[in-house]
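> I would like the atomic coordinates for the input below:
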Amino acid sequence: MKKIFSNMKKSSPALSLERGLSLLELLSKEPFEMNPQEISKRLNIPSASLWRILKVLTDRGYVIFDPKRHTYRLGFKLMSMGNYLLETSHFRSSIREHLMHLAELTGETVELDVRIRDQLVLIEQVVGPEGLYLYSHPGSAMPYFHATAPGKVYLSHLSKERLRNVMNKLGFPKLTKNTLQSMESLEQELEEIRERGYAVDIEEMREGVGRVAAPIYNESGKIMACIAVVCPAFRLRDKDRLERYGSCVKRVAEDLSFRYEELR
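Residues are numbered from 1 along each chain as shown. This next block holds a predicted model:
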């Protein structure tokens, strides 16, 4: 009788659900895509059961399968669900007030970006009185961490070993003539970011566009998001303006970090 009950328990929908949720949580924490063998080993799920779970999650859009690499990563359905939650949450409405304040201080467009695995996702945007209109919108993704200020902010919080592993995976695609092209130049710039507290890119991802970004931390000191000023690149070639924008974005980011738990 105990054996029958044990077999029923192992094949129960609740166990499959638990395994599916564990799989999603695992993929959300890993910076790289994972193959079935890695997932099975990490979660101790039999191959046959894992295949069924992956098929359901892939069919429903929660997981994306790369047929060339035979790997899996989180799907955009989770992003759309998260975006809906942010749309209806107190956090988004409260944080928007800070973005509007920064837009007023600088006159520029202001963005809030978060990292979702190996991409930066825009979750909020405010266009200032002199702001640059962008074709990006909440939900837009940027995979180029080395070429944009928010991405550099995230990279600056990685250990040297983790940074090299991540960049070996992502590479250094050349998007403009100003895009960083080597690990040495990136590491040097990340050190400068850590010292001054904000990152800059001038026409590194897109010609004519520049960004100044600073990190938002939670109460444990973990980076949760980036706030960025986006403007025509020529404005950031003015040293005084660049430093003023950097000071403004850093100050607002620090205020958001201080109030992070309150805003959630």
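
> Please, where are all the helices along the stretch 1-150 of the chain?
2-10, 13-29, 36-43, 47-59, 76-87, 90-106, 149-155 (DSSP state H, counting those that start in this stretch).

> most tightly surrounded among the ones you listed?
Most buried of the helices of the stretch 1-150 of the chain, by mean neighbour count (mean count of other CB atoms under 10 Å): helix 149-155, with a mean of 25. For glycine as for every other residue, the C-beta is placed from the backbone atoms N, C-alpha and C.

> How is the protein partitioned into domains?
2-74, 78-263 (automatic domain parsing).

> if we compare the helices of the stretch 1-150 of the chain, which one ends up closest to residue 243?
helix 90-106 (12.2 Å; CB to CB).

> quick one: low-confidence ranges for the stretch 101-250 of the chain?
Residue ranges of the stretch 101-250 of the chain with pLDDT under 70: 117, 135.

> quick one, strands of it?
Here the stretch 101-250 of the chain has its strands, by DSSP state E, counting those that start in this stretch, at 109-116, 119-126, 141-142, 199-202, 209-217, 223-232.

> Turn these into a markdown table, including mean neighbour count and distance to residue 164.
Below are these laid out as a markdown table (neighbours: other CB atoms under 10 Å; distance: least, CB to CB, whole Å):
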| stretch | mean neighbour count | distance to residue 164 |
| --- | --- | --- |
| strand 109-116 | 23 | 18 |
| strand 119-126 | 21 | 19 |
| strand 141-142 | 16 | 21 |
| strand 199-202 | 24 | 19 |
| strand 209-217 | 25 | 21 |
| strand 223-232 | 24 | 19 |
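
> Turn those strands into a markdown table, columns for distance to residue 95.
Below are those laid out as a markdown table (distance: least, CB to CB, whole Å):
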| stretch | distance to residue 95 |
| --- | --- |
| strand 109-116 | 6 |
| strand 119-126 | 7 |
| strand 141-142 | 19 |
| strand 199-202 | 20 |
| strand 209-217 | 9 |
| strand 223-232 | 8 |
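
> among those strands, which is nearest residue 97?
strand 119-126 (9.7 Å).

> ok, residue 252 to residue 213 distance?
11 Å (CB to CB, to the nearest Å).

> Mutual contacts of those two, please.
residue 227 (CB atoms under 8 Å, 6 or more residues apart in numbering).

> Identify the bridge partners of residue 125.
residue 111 (DSSP bridges).

> thinking again about what came up before, what would the helices of the stretch 1-150 of the chain look like in a markdown table with distance to residue 112?
Output for the helices of the stretch 1-150 of the chain, formatted as a markdown table (distance: least, CB to CB, whole Å):
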| stretch | distance to residue 112 |
| --- | --- |
| helix 2-10 | 44 |
| helix 13-29 | 19 |
| helix 36-43 | 31 |
| helix 47-59 | 28 |
| helix 76-87 | 10 |
| helix 90-106 | 6 |
| helix 149-155 | 9 |
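
> which residues touch the closest residue in space to residue 33 that isn't next to it in sequence?
Nearest residue to residue 33 in three dimensions, chain neighbours excluded: residue 71, at 3.7 Å (CB to CB, 6 or more residues apart in numbering). If you count contacts by CB under 8 Å, 6+ apart, residue 71 has them with 33, 34, 35, 65.

> And the pLDDT at the last one?
Predicted confidence (pLDDT) for residue 65: 91.

> what about the residue nearest to it when sequence neighbours are not counted, distance to residue 35?
Closest residue to residue 65 apart from its sequence neighbours, by CB to CB, 6+ apart: residue 58 at 5.3 Å. Distance from residue 58 to residue 35, counting by CB to CB: 14 Å.
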